[in-house]
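> Everything below, folded, please.
(one chain, ligands or ions: 2)
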Amino acid sequence: MKNKRIVFKVGTATLYENGKLSDRMDKIVELLSELNKEHEVMLVSSGAVGAGYTRCPLDKSRLENKQALAAIGQPLLMKEYKERFHKYGNVVAQVLVTAADFDSRKRTANAKKMINVLLENKVIPIINENDSVSVEEILFGDNDQLSAYVTYYFDADLLIILSDIDALYTDNPKTNKDAKPLKIVTKIEDDMLNQECNPNDKFATGGIVTKLKAAKFLMDRGIPMYLTSGWDLDSVREFLKGNHTKGTLFKGEK
Ligand SMILES: Nc1ncnc2c1ncn2[C@@H]1O[C@H](COP(=O)(O)OP(=O)(O)O)[C@@H](O)[C@H]1O
Ligand SMILES: N[C@@H](CCC(=O)OP(=O)(O)O)C(=O)O
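Residues are numbered from 1 along each chain as shown. Ligands and ions are numbered 1, 2, ... in the order given. Coordinates of the predicted model:
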């Protein structure tokens, strides 16, 4: 793949381990900095609520507390990214969105123009839901679907989801040891989307279902999505070189 616009999404469980930032963030920053030389790179990053909790352990079951945790954690998360990307000479930009930003063509077009300016200048946009004001109808609620919207509405060629799981399996591999990884998925059945959502990290809101919804949204629009582990970034490097050995590629049949 050459000169592509690529969106990466990283979940809370990949970034944080036992309430502490993991060195996986360093590895992700290294990979994105490498790719930013040849491609246009955007990052949708979760982790604001988890980061906020490290400083102020509020009861996150109350919505206003969760909003406050995001407000506390978002600048902490950005500081960590900014410092790491700086080592590679990269500038980052914080972009916070709500579902309402994709509701009107005018607002989406305005946001896209701004994203284009960032990418033309090799600045890496780090995007998250604006959790501190996102409630009710303007709420996405999970960054898997948000990253699919970012990919489609901001004209990207590919979405790569870096997860705590290395592929989509025939069943939940954490509870069924016979579950098998799927290499390519060309169709998502409705019953797959009706499973319960149960993310592994207590600060996460996604789970496998939101990843499948993201994949379906993109497959319906002819855009591929690659799901792989945030623990093993060589699979991403290989995939982008055309060697698909690990992870799941979601690609609609056209
Ligand atoms: N069919 C399946 N294939 C893969 N993972 C599954 C499946 N069903 C349930 N899961 C669970 O979904 C988890 C991934 O979702 P989540 O914890 O939200 O990841 P992330 O933090 O990367 O967004 C896996 O670790 C696994 O426990
Ligand atoms: N926007 C929230 C995370 C939402 C989310 O989807 O979390 P995850 O399932 O870990 O990708 C945050 O920054 O904490």
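> residues in this protein within reach of ligand 1, list them.
Proximity of the chain to ligand 1, by CB under 6 Å from any ligand atom, involves residues 11-14, 163-165, 168-169, 171-174, 199-201, 204, 206-208. C-beta here means a position set from N, CA and C on the backbone, and glycine is covered the same way.
> ok, 5 Å please
Counting by CB under 5 Å from any ligand atom, the residues of the chain close to ligand 1 are 11, 13, 163-165, 168-169, 172, 174, 199-200, 204, 206-208.
> which of those come close to ligand 2?
Answer for the residues of the chain next to ligand 1 near ligand 2 (CB under 5 Å from any ligand atom): 11, 199, 204, 206.
> so what's the third one closest to, chain neighbours aside?
Spatially, and ignoring its direct neighbours in sequence, Ala204 is nearest to Thr12 (4.3 Å; CB to CB, 6 or more residues apart in numbering).
> can you tell me which residues contact that neighbour?
Applying CB atoms under 8 Å, 6 or more residues apart in numbering to Thr12 gives the contacts 46-47, 49-50, 199, 201, 203-204.
> Which ones among those residues lie within helices?
Members of the contacts of Thr12 lying in helices (criterion: DSSP state H): 49-50.
> In the contacts of Thr12, find the pair that's most separated.
Comparing all pairs in those by CB to CB, the longest separation belongs to Gly47 and Pro199, at 12.7 Å.
> For the two, indicate the residue with more neighbours.
Remark: of Gly47 and Pro199, Gly47 carries more neighbours, 28 against 21, as counted by other CB atoms under 10 Å.
> where exactly do the helices run in the stretch 101-250 of the chain?
Secondary structure of the stretch 101-250 of the chain, counting by DSSP state H, counting those that start in this stretch: helices at 105-120, 143-153, 190-193, 208-219, 234-240.
> between those helices, which one is nearest to Lys2?
When those are compared by CB to CB, helix 234-240 sits nearest Lys2, at 9.6 Å.
> could you dump the helices of the stretch 101-250 of the chain to a markdown table with mean pLDDT and mean neighbour count?
Formatted as a markdown table, those follow (pLDDT from 0 to 100; neighbours: other CB atoms under 10 Å):
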| stretch | mean pLDDT | mean neighbour count |
| --- | --- | --- |
| helix 105-120 | 97 | 14 |
| helix 143-153 | 97 | 25 |
| helix 190-193 | 84 | 11 |
| helix 208-219 | 96 | 22 |
| helix 234-240 | 97 | 18 |
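> Make JSON lines out of the ones you listed and add distance to Ile72.
Listed next are these as JSON lines, based on distance: least, CB to CB, whole Å:
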{"stretch": "helix 105-120", "distance to Ile72": "25"}
{"stretch": "helix 143-153", "distance to Ile72": "18"}
{"stretch": "helix 190-193", "distance to Ile72": "33"}
{"stretch": "helix 208-219", "distance to Ile72": "24"}
{"stretch": "helix 234-240", "distance to Ile72": "31"}
